[in-house]
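*Asks:* just need the structure, nothing else, for what follows:
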Amino acid sequence: MSDIEPQGGPTPPSTRLAAHPDGCPAPKRSATARRADRRSRPTPRFSRFTISGGRRVDVRREFERDGTYVDRYGSVLLGVVLWVSLMNIGDSFFTIRHLQHGGIELNPIAQQLLRSGKAGFVLWKGVLIGLALMVLVLHKNFSLARMGLWVSAGGYTVLCLYHLYLYRV
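*Replies:* Below you'll find the model as predicted:
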């Protein structure tokens with residue numbers, strides 16, 4: 001009886017359903033399932049979701065925590081980036097203010113930027129710090145980048161407090 005094919009002839013291999021070990025039939029593969037599963041590759045550093053936003057906020061497995069990329073970023077990270085940006089603007093303002101009152105710039109990089117004028121100094125300083133923040137944000141799941149974000153936030157906070165101290169003296 002097993003040698004007899006059902007009426008209409010043999011079933012073509014493309015329409016047969018393979019059975020799972022538990023006896024349930026496997027679902028048919030769609031035309032798009034021919035590609036490799038995207039989840040088998042880690043999320044890339046730059047993708048179409050880097051700017052427009054994606055769905056991956058955190059890693060799927062705890063052992064993947066360090067050294068992976070995600071599509072979206074949390075509110076704490078946004079707060080740290082905004083804080084560093086605000087402190088950078090404050091540092092620029094106080095630096096120019098102190099220089100107008102006879103102070104000197106000790107940072108050799110800032111001295112070079114000041115040669116482009118006040119507006120050039122603020123613009124170049126903002127662009128350079130912004131690029132550095134973008135690199136740190138993209139690499140937020142790397143321990144060195146996390147440390148860099150927190151050190152820059154703390155360092156800029158201390159620097160602005162120092163500027164406020166000098167302003168009062």
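
*Asks:* residue contacts, Phe94?
*Replies:* 160, 163-164, 166-167 (C-beta atoms under 8 Å, 6 or more residues apart in numbering). To be clear about C-beta, it is placed using only N, CA and C from the backbone, and glycine gets the same treatment.

*Asks:* buried members of those residues into ChimeraX, please.
*Replies:* Buried members of these can be picked out in ChimeraX with the line below, counting by 16 or more other C-beta atoms under 10 Å:
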select :160,163
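
*Asks:* I'd like the contacts of Phe94 as JSON lines, with distance to Lys118, pLDDT and secondary structure appended.
*Replies:* Converted to JSON lines, the contacts of Phe94 look like this (distance: C-beta to C-beta, whole Å; pLDDT from 0 to 100; DSSP: H, G, I helix; E, B strand; the rest coil):
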{"residue": "Cys160", "distance to Lys118": "18", "pLDDT": "95", "secondary structure": "helix"}
{"residue": "His163", "distance to Lys118": "16", "pLDDT": "92", "secondary structure": "helix"}
{"residue": "Leu164", "distance to Lys118": "20", "pLDDT": "92", "secondary structure": "helix"}
{"residue": "Leu166", "distance to Lys118": "19", "pLDDT": "87", "secondary structure": "helix"}
{"residue": "Tyr167", "distance to Lys118": "18", "pLDDT": "80", "secondary structure": "helix"}
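
*Asks:* turn the contacts of Phe94 into JSON lines, including distance to Gly74.
*Replies:* Output for the contacts of Phe94, formatted as JSON lines (distance: C-beta to C-beta, whole Å):
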{"residue": "Cys160", "distance to Gly74": "24"}
{"residue": "His163", "distance to Gly74": "30"}
{"residue": "Leu164", "distance to Gly74": "30"}
{"residue": "Leu166", "distance to Gly74": "35"}
{"residue": "Tyr167", "distance to Gly74": "34"}
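
*Asks:* what's downstream of the lowest-mean-pLDDT helix or strand in the chain, the next helix or strand?
*Replies:* Counting by mean pLDDT, DSSP states H and E, the chain has its least confident helix or strand at helix 49-52, which shows a mean of 60. Moving toward the C-terminus from helix 49-52, the next helix or strand (DSSP states H and E) is helix 75-100.

*Asks:* and the gap between Leu99 and Met134?
*Replies:* For Leu99, the distance to Met134 equals 28 Å [C-beta to C-beta, to the nearest Å].

*Asks:* er, Asn88 actually
*Replies:* Per C-beta to C-beta, Asn88 is found 13 Å from Met134.
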